[in-house]
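just to be clear, the model below is a prediction. Sequence and coordinates:
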Amino acid sequence: MRRPRPRAPLFLPRPDYRRRRLVDAARLLPVLGGFLVLLPILWVRADAPSGGTARDGIYLFVIWAVLVGAAALLANRLDDIADDDTVPEGDADTSDTGAAGSGGDA
Amino acid sequence: MPFNVLVLSCFTYVFFLFLVAYLVERRAARGRVAWLRSPLVYTLSLSIYCTAWTFYGAVGYAARSGLEFLAIYLGPTLVFVGWWWVLRKLVRIGRKHRVTSIGDLISSRYGKSNLLGVIVTVMAVVAATPYIALQLQSVTLSFGVFASDTPEGWALPDRNATAFWVAVGLALFTVLFGTRNLDAKEQHHGVVTAIAVEAVVKLIALLAVGIFVVWGLADGPADIVARIDASKIADLDLQPGRWFGVIFLAGAAVICLPRMFQVLVVEDGDERHLARASWAFPLYLFAMSLFIVPIAVLGLERLPAGSNPDMFVLTLPLSAGQGGLAMLAFLGGFSSATSMVIIEAIALSTMVSNHIVMPLWLRLRPQTAVSGDLRLIVLLARRVSIAGVLALGYGYFRLSGGAGALAAIGLISFAGVAQVLPAMLGGIFWRGATRVGAAAGLSIGFATWAYSMYLPSFGPDAVISAQVFAEGPFGMGWLRPQALFGVAGIDPLLHAVFWSMVLNTGAFIAGSLLTFPGPEERLQGAAFVNVFEADNAGPRPWARGQAEPEALLVMTQRILGDAALGLFATEAKAQGKEGYLPDASPEFVERLERRLAGSVGAATAHAMISELVGRDRISVEDLMAVANETAQIMEYSGRLEAQQTQLSRTAGALREANEKLTQVSVQKDAFLSQISHELRTPMTSIRAFSELLMEGDAPPQTVAAQAGIINAEAIRLTRLLDDLLDLSVLENGSVQLDVGLASLRKMIDRALVAAGNVRPERSFVIDRDPLAEDVFLRTDADRLVQVFINLISNARKYCDAAAPRLKIAVRQKGGRVTVDFIDNGTALPKASRALIFEKFARLSDPSRAGGAGLGLAISREVMANLGGNIGYLPGQGGPAFRVTLPLHLVTDASRG
């Protein structure tokens, strides 16, 4: 059964546009984080056979701090719209098929 | 330190927590909870993720496996940083549907299925036992640390007895605060605040030990880095598989652990708080992990070989003679363990009572659904469940011997709860996920986990015999618990997680694809997946049933107590009715069900309401009918919209027509005044001269002259009237055309001759091209000549050049002929070019050689009748007109 949907506007004014991109950034942050966190796996073997713990540890803590900072920046901005129901769910919205979120675990 | 002092400080600390919880509960009861519901308390309550496993076990983990322990905290960090994906949706669903536990979430999503509630509850309880055992073990170990190193030399009475009394104490505390009231929503302000206080205590304790180690025992960060490189930890590389697997497990666990779900969603689910926690909680984890490696390195360095690395946090300060710091660390560890156990027990007891005890009770004694106070039963069920959960934990502690590494025990638990992940994510993102799929995935995942990880954790020959480990059950090698389907040689943890998640997800997807969901399932599925869309008025679930409001009130009272009366009174008022009994409208019954679900879970609330309203609920046909109605309304509104566009287009056309009419009316007025003027001028002179003649005393020559003038003016008048008549005939299209073959050259010849008497004193040079003019046309020759005459005489009249020339150019193209008349006078100004074809449009002409300014208007009409047109031709250096007409005029007569 096809249900005609109310047509969403094709182009948005500047504030709405920025808001959408902010949400995009919030969605992509865990992907970036996952990549950076998994990166040390690739170093370990290529480098010296051992002795990388301190270096890897410092790297991971720096990444961690950067993630926290970025999340804080985004959360501050997103805070204003978190309760706002009018924020549409991205471009391909999750209503029917729903691209399952990765849970940000990788 | 004497044993008694240690026990006393524990009691004092617990009493302090008790006091905090009690005071907060009192404030909450008076409705002053604003500061309790702050992002800070929310974030701190989330820190029950950090249990004794973190406090003690992380150091041991680091000492054994290097940096891998960080994965336990990086996984949740990624999940929280990506809160917009999953957590936000979970929190919104939890608030909207008054979810009471993770089991309730799954059960509610898949059509309020009690079966799923039971499966998830059993899984959660089983998976929690190692975790609770871990807490008991850590507290017992920490007691042991103090026992062995003190000069007094008190011996720990008995490890098992210590664990037993700790379990009993925790159960009591949890019962006292977790089940004091059966709230409308499962919220425990007092406990949550106590947890927040404990979060601060454990953070401060761990940071204090860390700072002492880095700046007290070592020489600051640079020295620590050097010592790390010198220690055996430096050689412990990250194992790619485990690093990825543990990050995944921890990320899954932070959503799926019953206690995390409790504080994340149930206790105070608020998206604004979540936004704050999205960075604050990772920051907390960051702070908790920061000093783990230094403590582990210094512990390995300074403590005798063979000492338990899980206890470095305590033994390092003790060995350095820092009794006070050790005491603080002890309390930190105690906090970590107790807060976890309390919340876990509350969450699990809610699930057990809502999904197992209540349904059983209602099944066994259906009449109690209608009479008797259920609240006592629910509370009793919860209290017993709390005791049961702790007893199970204690049992695991005894069975496993209480000796394993803390982190290894914790990971078993993580892998167990992670089995809920596919059903949960599928439930909130995929409308196609069905109850059968979820049940299949959950049970297969759970079974795989139990077989390949949980049961083996007791050791060979404990539950599974060593022979099965080596050869598989009944000699089937491909079913060996730690080498399923021949996948041997990978880490046992990875092996179990890999197979359980793969089989779980596979069964979940296959089951969902192959089965058809029931109406309730589809309703709930849509409501969960589309939770962010504005409330679309879906079908009312209770539209068919009828219930006695009083019966509903009685039932509600039995669960909510006195609050029920208030609820019903408010509803009655909203419906505009006096008293306490509102109409049992479908909307009200639905709201009531949600409210009850907040206390006893969706499935139980649903079952109880069904008891009164009747089981005859909504069917698939109803769903389709409503959806059809919606579609019809949408289509109708679409059609209305189309009609409206058409209407506005018609209105636009009408407006245009009206404007044109107004213009025409103005033109007509102008025409009338023009024509009156044109007629009056000759009439005036005719009258004047005829009056003179009537006096009769003029000489004959004058009379002749005057009569001549009268005659001339009369002729002019006649010509004007002829023109007007001609124009009106042409305009009406009722002109009779005399169509025949004629030579264009001859026509031009005729026109030149006829026009020659206009200003005959001027000699014109005529440029012609006889060859091009050799064309025969099928048209009305007389009419066409009339047009030519008009154009040529206009040229003669108005050409202001000293040596006037007229060029007549003929061209033939595509069945049409163009004849251009170009003279070398002054070209017309742009504005006049469109005007000259209008009636009476005479330009400021110096000569006014007769004519009433109708010539070009008539020419235009003639050309229109001949199937051609006439227009001004710009850019020719002088006035130029182009006449275009077809070679063969097709008239109506010839066509017919």
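Thanks, I have the structure now.

pull the helix or strand with minimum mean pLDDT from chain A.
In chain A, no helix or strand scores lower on mean pLDDT, DSSP states H and E than helix A:14-46, which sits at a mean of 85.

so which bits of it are buried?
By neighbour count on 16 or more other C-beta atoms under 10 Å in any protein chain shown, the buried set for helix A:14-46 is A:19, A:22-23, A:25-27, A:29-34, A:36-38, A:40-41, A:44. Heads up, the C-betas are built off the backbone N, CA and C, glycines and all.

what are the ranges of the strands in the stretch 351-500 of chain B?
If you assign secondary structure with DSSP state E, counting those that start in this stretch, the strands in the stretch 351-500 of chain B sit at B:479-480, B:483-484.

which one of those lies nearest to chain A?
Put simply, out of the strands of the stretch 351-500 of chain B the one that sits nearest chain A is strand B:483-484, at 22.5 Å, with distance taken as C-beta to the nearest C-beta.

who does that closest one pair up with?
Using DSSP bridges, the strands paired with strand B:483-484 are strand B:479-480 (antiparallel).

pLDDT of the partner strand, averaged?
Strand B:479-480 carries an average pLDDT of 80.

please see if the least confident helix or strand of chain A touches chain B.
Yes - in this structure, helix A:14-46 sits against chain B according to C-beta under 8 Å from any C-beta of the partner chain; the contacting residues are A:23, A:26-27, A:29-31, A:33-34, A:37-38, A:40-41, A:44-45.

return the set of buried residues in stretch B:552-565.
With burial defined by 16+ other C-beta under 10 Å, the residues of stretch B:552-565 counted as buried are B:L552, B:L553, B:M555, B:T556, B:Q557, B:R558, B:I559, B:L560, B:A563, B:A564.

what's the closest of the residues you listed to chain A?
When these are compared for distance to chain A, the smallest value, 26.5 Å, is given by B:A563; criterion: C-beta to the nearest C-beta.

burial count for the residue of the stretch 1-150 of chain B found nearest chain A?
Nearest residue of the stretch 1-150 of chain B to chain A, counting by C-beta to the nearest C-beta: B:G82, 3.0 Å away. B:G82 has 28 neighbours, counted by other C-beta atoms under 10 Å in any protein chain shown.

just want the phi and psi numbers for it.
Here the main-chain torsion angles of B:G82 (degrees, to the nearest 10) amount to phi -100, psi 40.

from A:L67, how far out is the closest residue to it other than its chain neighbours?
Computed as C-beta to C-beta, 6 or more residues apart in numbering or on different chains, the closest residue to B:G82 that is not its neighbour in sequence is A:P30, at 3.0 Å. Taking C-beta to C-beta, to the nearest Å as the measure, A:P30 and A:L67 are separated by 9 Å.

which neighbours do these two share?
Each of B:L78, B:V81 lies in contact with both A:P30 and A:L67 under the rule C-beta atoms under 8 Å, 6 or more residues apart in numbering or on different chains.

buried set for stretch B:288-307?
When neighbours are counted by 16+ other C-beta under 10 Å, the buried residues of stretch B:288-307 are found to be B:288-300, B:303.

now it: average pLDDT?
88.

next one: stretch B:395-403
Model confidence over stretch B:395-403, given as mean pLDDT, is 78.

who touches B:D767 in this structure?
Contacts were defined as C-beta under 8 Å, 6+ apart; by that measure B:D767 touches B:R805, B:L806, B:K807, B:I808, B:A809.

and the last one, that's in a strand?
Yes - the assignment for B:A809 (DSSP: H, G, I helix; E, B strand; the rest coil) places it in a strand.

next one, pLDDT for the residue of the stretch 1-150 of chain B closest to chain A please.
Listed pLDDT for B:G82 reads 91.

for the one helix or strand B:A161 maps to, buried residues please.
With secondary structure defined by DSSP states H and E, B:A161 is part of helix B:159-178. Within helix B:159-178, the residues that qualify as buried are B:159, B:162-164, B:166-167, B:169-171, B:173-175, B:177-178, counting by 16+ other C-beta under 10 Å.

could you list the low-confidence segments of the stretch 401-550 of chain B?
When the per-residue scores of the stretch 401-550 of chain B are filtered using pLDDT under 70, the ranges that remain are B:402-404, B:534-546.

for B:W85, see how far away the closest residue to chain A within it is.
Closest approach between the stretch 401-550 of chain B and chain A, counting by C-beta to the nearest C-beta: B:F429, at 3.8 Å. Between B:F429 and B:W85 the distance, using C-beta to C-beta, works out to 9 Å.

fine, thanks again, bye for now.
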